[in-house]
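Q: Need a 3D model of the sequence below.
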Amino acid sequence: MSTSLIVEILLGLMAFGVSAAAFFAATRANRAQSEASGLAVDAAAYARAKDIYEGALDTLKEEMQSMREETGRMRASNDSLRESNDALRLEIHRLRDEITTLRGR
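A: I've put the predicted structure just below:
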């Protein structure tokens, strides 16, 4: 075998080795990029879900506060009506007593 043939064979093997190494490196890089983009999508989905959840909690807190205020107003109104009802009952009782007294004369 001649020296030039050996050099050509070695250069061919070296080119094949470099090509194989480049192919495997590119495959590994694509896989890593795919995993990273999947994590980025998951992180974005998590962030959106968190925003939606926190927004819903804020809305519920506002509604709960509004209901507490409305309950307070309803209780105050109920107490006022109860006092008015008691006063009317006393007035009816007093008027009945007065009617009874007037009939008895």
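
Q: Let me see the ranges of the helices in this structure.
A: Along the chain, counting by DSSP state H, helices occupy 3-104.

Q: Low-confidence regions, the protein specifically.
A: In the predicted model, the chain carries pLDDT under 70 at residues 1, 105.

Q: From the centroid of it, which residue is nearest?
A: Geometric centre of the chain, nearest residue: Tyr53, 0.4 Å, by C-alpha atoms, centre = their mean.

Q: contacting residues for it?
A: Listed by C-beta atoms under 8 Å, 6 or more residues apart in numbering, the contact set of Tyr53 is empty. In short, each C-beta sits where N, CA and C put it, glycine included.

Q: what about it, distance to Leu90?
A: Relative to Leu90, Tyr53 is positioned 55 Å away (criterion: C-beta to C-beta, to the nearest Å).

Q: burial of Ile52, as a residue count?
A: 10 (other C-beta atoms under 10 Å).

Q: One more: Arg96?
A: Residues near Arg96, counting by other C-beta under 10 Å, number 10.
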